[in-house]
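Visitor: okay, here's the prediction I keep looking at, along with the sequence it came from:
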Amino acid sequence: MLRSVITENDSTEATVTLQCTVRDLLPHDVPACTWSGSATHLRHVERELVRVASGAVDYLAVCTPVDLPVAIGGIDYQVSRGAGTLWQLAVLPALRSCGLGTLLVRAAEQRIRDRGLRRAELAVEEDNPRARALYERLGYVAHGREPQAWDEEGPDGSIRRHETMCVLLRKSL
Ligand SMILES: CC(C)(COP(=O)(O)OP(=O)(O)OC[C@H]1O[C@@H](n2cnc3c(N)ncnc32)[C@H](O)[C@@H]1OP(=O)(O)O)[C@@H](O)C(=O)NCCC(=O)NCCS
């Protein structure tokens with residue numbers, strides 16, 4: 001199978017096409033996901049992976065040909081009755097705007113459909129218009145807003161409560 005294609009445009013530029021696959025994020029992947037957030041965030045991801053076994057959560061990884069995660073995100077089935085709620089979506093900063101976020105959201109929607117559910121939901125911070133534009137391009141429609149809060153780790157390792165306002169979006173699948 002052809003896993004990557006390089007087209008040299010000239011000596012300083014090339015187009016690289018990589019075959020990426022979507023699979024479940026596994027506990028042993030977490031150390032390779034430091035790009036997605038702080039140590040506190042990764043501990044949170046690890047806790048969510050424990051919930052996968054009970055079926056409460058799916059956690060997906062988009063992986064390169066060497067099986068390294070470059071985009072990750074979870075689906076929680078216990079937030080909203082009859083829906084899968086996407087959260088913690090993140091793409092490796094160096095590979096943003098290449099379509100990986102779109103691939104991740106589409107794979108998550110397929111997981112939700114596979115469970116016989118017909119609605120996907122998510123919340124995006126009001127000051128994250130780029131992410132919101134992506135979701136709206138994929139068919140998500142805003143239906144409300146709500147304050148949310150979570151612990152965030154600062155550069156010095158200290159933990160502080162991040163309080164924010166989120167737009168709630170949903171899509172019929
Ligand atoms: C939000 C996020 C997950 C989106 O992932 P992404 O991989 O950048 O998303 P996509 O590439 O699929 O789409 C985003 C953009 O790329 C463009 N794009 C998509 N496919 C493309 C392609 N093949 N070639 C060029 N551009 C493309 C889209 O038009 C879109 O345009 P924009 O850059 O003007 O916004 C990612 O930016 C991220 O991790 N952000 C930080 C964390 C975050 O905000 N998470 C969301 C919390 S709700």
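Guide: Yes, it's here. Numbering: from 1, shown residues only.

Visitor: all contacts plus neighbour counts: C-alpha atoms, from now on.
Guide: Will do.

Visitor: the chain: strands as residue ranges?
Guide: In the chain, strands defined by DSSP state E lie at 4-10, 13-18, 21-24, 57-63, 69-76, 84-91, 119-125, 141-153, 159-172, listed in chain order.

Visitor: out of the ones you listed, deepest packed?
Guide: For these, ranked by mean neighbour count under the definition mean count of other CA atoms under 10 Å, the leader is strand 69-76 at a mean of 25.

Visitor: that one to strand 57-63, inter-axis angle?
Guide: Orientation note: strand 69-76 sits at an angle of 160 degrees relative to strand 57-63 (axes from the mean of the first three to the mean of the last three CA atoms, to 10 degrees).

Visitor: neighbouring strands for strand 69-76, and are they parallel or not?
Guide: In the sheet containing strand 69-76, the strands it pairs with under DSSP bridges are strand 57-63 (antiparallel), strand 84-91 (antiparallel).

Visitor: out of these, which gets nearest to the ligand?
Guide: When the strands paired with strand 69-76 are compared by CA to the nearest ligand atom, strand 84-91 sits nearest the ligand, at 3.4 Å.

Visitor: between the strands paired with strand 69-76, which one is nearest to residue 171?
Guide: Proximity to residue 171 (CA to CA) singles out strand 84-91 among the strands paired with strand 69-76, at 10.3 Å.

Visitor: nearest residue to the most centrally placed residue in the chain in space, please, no chain neighbours.
Guide: For the chain, the residue whose C-alpha lies nearest the mean C-alpha position (CA atoms, centre = their mean) is residue 89; its distance is 2.1 Å. Closest residue to residue 89 in three dimensions, ignoring its sequence neighbours and counting by CA to CA, 6 or more residues apart in numbering: residue 73, at 4.1 Å.

Visitor: equivalent analysis for residue 5, please.
Guide: Nearest non-adjacent residue to residue 5 (CA to CA, 6+ apart): residue 17, at 5.0 Å.

Visitor: name the helix or strand of the chain that has the lowest mean pLDDT.
Guide: Comparing every helix and strand of the chain by mean pLDDT, DSSP states H and E singles out strand 4-10 as the least confident one, with a mean of 82.

Visitor: residues contacting that strand, please?
Guide: Outside of strand 4-10, the residues that reach it under the criterion CA atoms under 8 Å, 6 or more residues apart in numbering are 14-19, 65.

Visitor: same thing but at 7 Å, please
Guide: By CA atoms under 7 Å, 6 or more residues apart in numbering, the list of residues contacting strand 4-10 from outside reads 14-19.
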